[in-house]
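Asks: below: sequence and its predicted model.
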Amino acid sequence: MVVSIPRNEAPEATGLPTLARHPCGRFRPRDSGVAAPMPRPSALLAHFAGPASLTLAATLISFAAVGPGCGGGNENEYKPKPAYSGRPVKLPDVPNLSNKPKKNGEVYTVAGLIHDFRSRVHSEKLLEQESITVSGYIVKTNLHEAPPCAVHKTGKKDGPECEKNPPPIPAFWIADEKNAPEHLSIPVMGWAGNYADIYDAVQAYKRPNVKELVKNKWGSEVPNPIPNKDAKVTVVGKYSSTFTLASQGVEANPVTGIITYKSLKYDEPPPTPGTLPGLKLPSPSPSYLSILTSLRQLLETEKPLTLPRRSAAQIAYGASRQEQNLHIRRTGTGASIHIGAGAQGGGQADAGTSGRKRFIAP
């Protein structure tokens, strides 16, 4: 049954909300910008008095009781899906967080220095310091990268090849462990201004008992021995993300920073001093105590002893410092050695092939 509304009476005048057709076939209040609740069924029944009005009110009530779905059904009914049976997912392992200390007393560890360098909390204060102290192992140097045009004494100009391709700044890298990768290490620059500084230092440090260290072009001292892999050092310097002493450009390392060298102390010297391509290091001289021990063994056994020629002078020098009663007389092929009664195993060894005990000086 259809209920008609007089043309001269607008829908709002009846007291009913304006209705619009829903896509599912229902009617809903037209959006008028003002939230208005649906009239109660009793209000509808009171408004209409005739049978037709009752029919319309009953129809509206039935629409309200149907529910949110079209036709009373549930459009979003849950349908279970089978478990995933494709390629298994492999999650990465949980990383091992470092438990290394940031400092040992007032001395930074390399890991602690890198941590504060990357920290938003600590980096500003760290980079404002004029100098920091850090200890670690040398894991790498770039001395082997020196081109031939840069290997010469100071005062000589680099070759034309170096003008086309400038050589790198001499540097070494320190880390907390000997075999640490480069990304866990910090480069140290400024201990040598160029490879000519290192050339002069290698030549000067060949002499024993060097007291005065070679100074680089920036006025700091080149370490003795020359830094090399596996040495343990304590470095003092300015820490930053850049190195600005170079005459050509600026070196930058925003990942682990750069230490501008001021001083260095060896906690463990390198097994062999650093050198440059084409330069030969002298054979290491045996210490006085090791030579003296070998001499005592020589006087007690029938075995000959083989030492460099200059060892005689070193033995005599060491004996004088140790106040040992030891005398050496060099001969053409060897030496005559006498250790006084004050030394354990005192006795005499004569040079030459006829002697029962020999000291061979090749």
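Replies: Arrived safely. Numbering: from 1, shown residues only.
Asks: going forward, measure contacts and count neighbours with C-alpha atoms only.
Replies: Will do.
Asks: ok, which stretches of the stretch 151-300 of the chain are strands?
Replies: 171-175, 186-189, 232-240, 242-243, 251-252, 258-268 (DSSP state E, counting those that start in this stretch).
Asks: ok, and what's touching the fourth one?
Replies: With contacts defined as CA atoms under 8 Å, 6 or more residues apart in numbering, strand 242-243 is touched by 189, 250-254, 257-260.
Asks: now with 7 Å?
Replies: Identification of contacts with strand 242-243 by CA atoms under 7 Å, 6 or more residues apart in numbering yields 250-253, 257-258, 260.
Asks: that strand: partners in the sheet, and parallel or antiparallel?
Replies: Sheet pairing of strand 242-243 (DSSP bridges) gives strand 251-252 (antiparallel).
Asks: spit out the contact partners of the closest residue to residue 153 other than its chain neighbours.
Replies: Spatially, and ignoring its direct neighbours in sequence, residue 153 is nearest to residue 196 (5.0 Å; CA to CA, 6 or more residues apart in numbering). Residue 196 makes contact with 150-154 under the criterion CA under 7 Å, 6+ apart.
Asks: could you rerun that using 6 Å?
Replies: When contacts are counted by CA atoms under 6 Å, 6 or more residues apart in numbering, residue 196 touches 152-154.
Asks: per-residue confidence for it?
Replies: pLDDT recorded at residue 196 is 93.
Asks: look up how far residue 106 lies from it.
Replies: Distance, residue 196 to residue 106, using CA to CA, to the nearest Å: 35 Å.
Asks: equivalent analysis for residue 92, please.
Replies: Separation of residue 92 from residue 106 (CA to CA): 37 Å.
Asks: what does residue 219 give?
Replies: 26 Å.
Asks: which one of these two has more residues nearby?
Replies: Neighbour tally, residue 219 and residue 106, criterion other CA atoms under 10 Å: the higher count belongs to residue 219, 13 against 10.
Asks: show me the chain divided up by domain.
Replies: As assigned by automatic domain parsing, the chain contains the domains 11-69, 103-268, 288-360.
Asks: rounded mean pLDDT for the first one, please.
Replies: The average of the pLDDT scores along domain 11-69 is 53.
Asks: please enumerate the helices of the stretch 201-350 of the chain.
Replies: 288-300, 311-322 (DSSP state H, counting those that start in this stretch).
Asks: averaged pLDDT, the shortest one. What do you get?
Replies: Think helix 311-322. 52.
Asks: ok, now the first one?
Replies: Helix 288-300 shows a mean pLDDT of 58 in the predicted model.
Asks: do you know how far residue 103 is from residue 125?
Replies: Applying CA to CA to residue 103 and residue 125 gives a distance of 16 Å.
Asks: just residue 159 next, same as before
Replies: Look at residue 159 and residue 125: by CA to CA, they are 43 Å apart.
Asks: quick one: which of the two has more around it?
Replies: Set side by side, residue 159 and residue 125 show more neighbours around residue 159, with 14 against 11, by other CA under 10 Å.
Asks: helix or strand with the lowest mean pLDDT in the chain?
Replies: Lowest by mean pLDDT, DSSP states H and E among the helices and strands of the chain is strand 347-349, with a mean of 37.
Asks: tally of neighbours for residue 141?
Replies: Residue neighbour count, defined by other CA under 10 Å, stands at 18 for residue 141.
Asks: list the contacts for residue 270?
Replies: Residues near residue 270 by CA under 6 Å, 6+ apart: 228, 230-231.
Asks: out of those, which is most surrounded?
Replies: residue 228 (23 neighbours).
Asks: ok, now how distant is that residue from residue 271?
Replies: Taking CA to CA, one finds residue 228 at 8 Å from residue 271.
Asks: ok, now residue 206?
Replies: 15 Å.
Asks: ok, the two, which is more surrounded?
Replies: More crowded of residue 206 and residue 271, by other CA under 10 Å: residue 206, with 14 against 10.
Asks: how close does that one sit to residue 82?
Replies: 79 Å.
Asks: likewise residue 236?
Replies: For residue 236, the distance to residue 82 - CA to CA - is 65 Å.
Asks: check residue 219 too.
Replies: Residue 219 is 76 Å from residue 82, by CA to CA.
Asks: for residue 128, same thing?
Replies: Between residue 128 and residue 82 the computed distance is 61 Å (CA to CA).
Asks: report the backbone C-alpha coordinates of whichever strand or helix holds residue 125 in PDB.
Replies: According to DSSP states H and E, residue 125 maps onto helix 123-128. Output in PDB follows, covering the C-alpha atoms of helix 123-128 (Å, rounded to 0.1, in the frame of the first residue of the first chain):
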ATOM      1  CA  SER A 123      79.400  13.100  20.000                       C
ATOM      2  CA  GLU A 124      79.200  16.900  20.400                       C
ATOM      3  CA  LYS A 125      81.100  16.800  23.700                       C
ATOM      4  CA  LEU A 126      83.600  14.300  22.300                       C
ATOM      5  CA  LEU A 127      84.500  16.300  19.200                       C
ATOM      6  CA  GLU A 128      84.900  19.500  21.200                       C
END
